[in-house]
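1. I'll drop the sequence and a predicted model, then ask my questions.
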2 protein chains.
Amino acid sequence: MTEVPAFTSRTDYAASLLRQEILSGKMEPGDLLAESAVAVRLGVSRVPVREALFTLEREGFVEFSGTGRAFVKALSPQDFDELYTLRLALEPLAARLASPSVTCDARLLEKNIKDTNRAKTMLDVTRLDLEFHEIILEASGNGRLLKLWRSMRGELELWLGRLHRRHQVQKLDTRAETMRSHQTIVDCFKQQTPAACESLMRKHITGWREWLPVLPEGE
Amino acid sequence: MTEVPAFTSRTDYAASLLRQEILSGKMEPGDLLAESAVAVRLGVSRVPVREALFTLEREGFVEFSGTGRAFVKALSPQDFDELYTLRLALEPLAARLASPSVTCDARLLEKNIKDTNRAKTMLDVTRLDLEFHEIILEASGNGRLLKLWRSMRGELELWLGRLHRRHQVQKLDTRAETMRSHQTIVDCFKQQTPAACESLMRKHITGWREWLPVLPEGE
DNA sequence: ATGATACAAACGGTATACCGTCTGATTTTC
DNA sequence: GAAAATCAGACGGTATACCGTTTGTATCAT
């Protein structure tokens, strides 16, 4: 956020700012992101904005209409179900692939759990939760698998962020449960077979789905 | 190929032409695709070329270096293994999801098999093979699943095309086997349970992997 | 002969300007 | 009063020009 504004390109700069605005809820789902307006507002020309919008589309934050206009992505419960189905297909696989090599990464995973314990907001807890899973995807050694996961991560973050903001689910503190569950995964990586890791991850994802509060109606 | 050049934009036009050049083998893996040169050659300006290159990257035909230069993608046997692993994760799932709804699409699938029988070249057989699978992905009703598959399709087409060109595997005519195997899938969709469809698709993908000739060394 | 340095060409990044199209509102006509 | 046509504003698509950086090569010094 407040880091040095040393972006490699204006495209990165624009993408980063827009991403933050969308995640923070400053932009509402369905809001039009017109190239010209955004370009003026961010103080860059339209070309980098255009390319940033494409990037954000790939990341799941933005969607294009048939006529090429960009909007802040709206997510329906059905969209969320799709994401859940895909997590269930990809993450247990990643856990199995990662298990032989993840010993060296167990430190990263445990650091993540400690950070989760210190996190100040539920949004940070969510972010760290997704980061935990991404570490495993990285350790899987399958670059394409990681890419696919990353193309979904934005939408997950978007969904969970909106959920928190709209329903004040801070009341429902999932932090302890998340930490406990993640710790069992780390332990499993350390001691168990790949198949056991895969199975546990499947259970974890399924359980996560059931933990979520009642979904809000479509946007 | 020889269809009416009625592209909605020059970006589409450029992407289409480049895609064809790469698939046909006119461009070698590792070849530089410099914006300026391509723009001049295709008779458009650099901006649409630039965006076409991004599109082709998403589709798997092109990769960017750290400094932003675009190259025709090179694929190693390890890349291929990654793709195989992901097919095995996604396609059986798609088959399961598609099975209740695919009855209305069985006609499409059977038309595909007939087209395969008529195909003149092995490249067409390959293209139709991938199309058969994409029909099932579409029928799964999970739009994101379809998107993930499409992000891999280009690389598969690339790999298989190069395989054919380099090793003259026309000798190894997989057409009959492909048609037979696809027909059993259609039959399964018509008569069997989702779980059976899923299982059969897993078997089909595994078998497909074993059918392929010895992989060439990395590029 | 070899290494470093400097220069030139090529390439990507960006701003700007122009054009065609789409959208929506107002006016005109039946 | 309603429907159709027209006009204006906004937006995306594209070409062009400029700038900074990278890259490859040639030259010069050691």
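-> Okay, I see it.
2. List phi and psi for A:V72.
-> Dihedral pair for A:V72: phi -60, psi 130, per degrees, to the nearest 10.
3. Tell me the pLDDT of it.
-> On the pLDDT scale, A:V72 is placed at 93.
4. And A:I22, by the same measure?
-> Per-residue pLDDT puts A:I22 at 92.
5. So which bits of chain A are right by chain B?
-> Contact residues, chain A versus chain B (C-beta under 8 Å from any C-beta of the partner chain): A:47, A:51, A:54, A:58, A:79, A:82-83, A:85-86, A:89-90, A:93, A:97, A:142-145, A:147-148, A:151-152. All C-beta spots, glycine's among them, are computed from the backbone N, C-alpha and C.
6. hmm, try it at 6 Å
-> Applying C-beta under 6 Å from any C-beta of the partner chain, one finds that chain A approaches chain B through A:E82, A:L86, A:A89, A:L93, A:N142, A:R144, A:L148.
7. contacting residues for the fifth one?
-> Looking back up the chat, that one is A:N142. Contact analysis of A:N142 by C-beta atoms under 6 Å, 6 or more residues apart in numbering or on different chains lists B:E82.
8. How about A:T11?
-> Contacts of A:T11 by C-beta under 6 Å, 6+ apart are A:P48, A:E51, A:A52.
9. Where does it sit: helix, strand or coil?
-> helix (DSSP: H, G, I helix; E, B strand; the rest coil).
10. for the longest helix along chain A, which positions count as buried?
-> Longest helix of chain A, by residue count under DSSP state H: helix A:143-167. Across helix A:143-167, burial judged by 16 or more other C-beta atoms under 10 Å in any protein chain shown covers A:144-149, A:151-164.
11. again, but for stretch A:191-211
-> Quick answer for stretch A:191-211 (16+ other C-beta under 10 Å): A:C197, A:E198, A:S199, A:L200, A:M201, A:R202, A:H204, A:I205, A:W208.
12. Would you reformat those as CSV and include pLDDT and secondary structure?
-> Below are the buried residues of stretch A:191-211 laid out as CSV (pLDDT from 0 to 100; DSSP: H, G, I helix; E, B strand; the rest coil):
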residue, pLDDT, secondary structure
A:C197, 93, helix
A:E198, 95, helix
A:S199, 96, helix
A:L200, 96, helix
A:M201, 96, helix
A:R202, 96, helix
A:H204, 96, helix
A:I205, 96, helix
A:W208, 86, helix
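13. With adjacent residues omitted, what lies nearest to the residue nearest the centre of chain A?
-> The geometric centre of chain A, computed from its C-alpha atoms, lies nearest to A:R153 (C-alpha atoms, centre = their mean), at 3.1 Å. Sequence neighbours aside, A:L130 is the residue nearest to A:R153 in space, at 5.8 Å (criterion: C-beta to C-beta, 6 or more residues apart in numbering or on different chains).
14. Check A:L200 too.
-> A:C188 (5.0 Å).
15. Kindly report the same for A:L97.
-> A:S140 is the one closest to A:L97 (C-beta to C-beta, 6+ apart), at 4.0 Å.
16. thinking the one you found is in contact with A:A98, fair?
-> Yes - assessed by C-beta atoms under 6 Å, A:S140 is found in contact with A:A98 at 4.6 Å.
17. which residues of chain A score low on pLDDT?
-> Filtered on pLDDT under 70, chain A yields the residue ranges A:1-6, A:102-104, A:167-172, A:213-219.
18. what about the helices in it?
-> Ranges of helices in chain A, per DSSP H, are A:10-23, A:35-42, A:46-59, A:77-98, A:106-118, A:122-139, A:143-167, A:175-191, A:194-211.
19. Pipe these into JSON lines and attach distance to B:R118 per row.
-> Output for the helices of chain A, formatted as JSON lines (distance: least, C-beta to C-beta, whole Å):
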{"stretch": "helix A:10-23", "distance to B:R118": "46"}
{"stretch": "helix A:35-42", "distance to B:R118": "46"}
{"stretch": "helix A:46-59", "distance to B:R118": "37"}
{"stretch": "helix A:77-98", "distance to B:R118": "35"}
{"stretch": "helix A:106-118", "distance to B:R118": "54"}
{"stretch": "helix A:122-139", "distance to B:R118": "42"}
{"stretch": "helix A:143-167", "distance to B:R118": "33"}
{"stretch": "helix A:175-191", "distance to B:R118": "52"}
{"stretch": "helix A:194-211", "distance to B:R118": "43"}
